[in-house]
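Novice: turn this into a model:
(2 chains)
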Number of protein chains: 2
Amino acid sequence: MTQIDPTADLITLINVFTVDPAHQQELVDVLVSATEHHIRHREGFISANIHTSTDGTRVLNYAQWTDVAHFEAMLADPACRPHLAAAAALATYDPHLYTVTSTHHR
Amino acid sequence: MTQIDPTADLITLINVFTVDPAHQQELVDVLVSATEHHIRHREGFISANIHTSTDGTRVLNYAQWTDVAHFEAMLADPACRPHLAAAAALATYDPHLYTVTSTHHR
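Specialist: All right, here's what the predicted structure looks like:
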């Protein structure tokens, strides 16, 4: 199970895709396939968590890696590029590296 | 601990704030204060998880509520409005309701 833990020693990459609702499911399929067949087997990968907005206009990937170097090595790997290109053809995207600053519970 | 669980019966509200890096910390302070003093005590609240982008330009709140009605009741409560307005004065924001579609692990 993925946990959001401010004390965990990892990096968080959140990528927000803005998509035509007609292509939301296709984009999810591309991301799930790339993650299952390639990305999740890479060293340094911890988790990917695909979210779909109920209004159809967003897909959000909440991903965790052990460190920035392993994440960047994935991006630079030619084997991963067709998947990244397929996602980019369907949507605009806004990826950022994040730190979990604080968590609050009831 | 916050968990990202596709089988959990809850709603996920992810709000991405775009902010001048000079105001990133101030925005975090506003969100943390509003959450600690007001929002987390409301019925239906499960968690809020404040993330800061390492490039300084984003703050992201990954929040979980039991259902849409309780979340919307918070938005409509006059007691919560000053906090929402304070955040809006510091940043633009892009909130959407999401479903956790799939999770993947190494």
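Novice: right, is the lowest-mean-pLDDT helix or strand in chain A up against chain B?
Specialist: Ranking every helix and strand in chain A by mean pLDDT, DSSP states H and E puts helix A:81-90 at the bottom, with a mean of 90. No: counting by C-beta under 8 Å from any C-beta of the partner chain, chain B is not contacted by helix A:81-90; separation bottoms out at 13.3 Å. The C-beta positions use only the backbone N, C-alpha and C, and glycine is treated the same way.
Novice: and the next element down the chain from that helix?
Specialist: Per DSSP states H and E, the first helix or strand lying C-terminal to helix A:81-90 is strand A:91-105.
Novice: can you tell if the helix or strand where residue A:62 lies touches chain B?
Specialist: Per DSSP H and E: residue A:62 is located in strand A:58-65. Yes: judged by C-beta under 8 Å from any C-beta, strand A:58-65 comes into contact with chain B at A:58, A:60, A:62.
Novice: filter these down to the buried ones, ChimeraX style.
Specialist: Typed into ChimeraX, the line below selects the buried ones among these, using 16 or more other C-beta atoms under 10 Å in any protein chain shown:
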select /A:58,60,62
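Novice: and the residues of strand A:58-65 next to chain B, which is closest to chain B?
Specialist: residue A:58 (5.1 Å; C-beta to the nearest C-beta).
Novice: where does the nearest residue to that closest one once chain neighbours are set aside land on pLDDT?
Specialist: Using C-beta to C-beta, 6 or more residues apart in numbering or on different chains and skipping the chain neighbours, the partner closest in space to residue A:58 is residue B:96 (5.1 Å). Residue B:96 is assigned a predicted lDDT (pLDDT) of 97.
Novice: what does the strand holding residue A:62 rub up against?
Specialist: Strand A:58-65 is contacted from outside by A:2, A:10-19, A:24, A:27-28, A:31, A:44-53, A:71, A:91, B:4, B:14, B:62, B:96, B:98, using C-beta atoms under 8 Å, 6 or more residues apart in numbering or on different chains.
Novice: give the pairing partners of it; include direction for each.
Specialist: strand A:11-19 (antiparallel), strand A:45-53 (antiparallel) (DSSP bridges).
Novice: just those strands: most buried one?
Specialist: Greatest average neighbour count among those goes to strand A:45-53 (a mean of 22), per mean count of other C-beta atoms under 10 Å in any protein chain shown.
Novice: quick one: average pLDDT of that strand?
Specialist: So the average pLDDT for strand A:45-53 ends up being 98.
Novice: and the contacts of it?
Specialist: Contacts of strand A:45-53 (C-beta under 8 Å, 6+ apart): A:2, A:10, A:24, A:28, A:31-32, A:35, A:39-40, A:58-66, A:70, A:74, B:4, B:12, B:14, B:96-106.
Novice: just the buried subset of those residues, written out for ChimeraX, thanks.
Specialist: Command for ChimeraX that selects the buried part of those, burial taken from 16+ other C-beta under 10 Å:
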select /A:2,24,28,31,35,39,40,58,59,60,61,62,63,64,65,74 /B:4,12,14,96,97,98,100,101,103,104
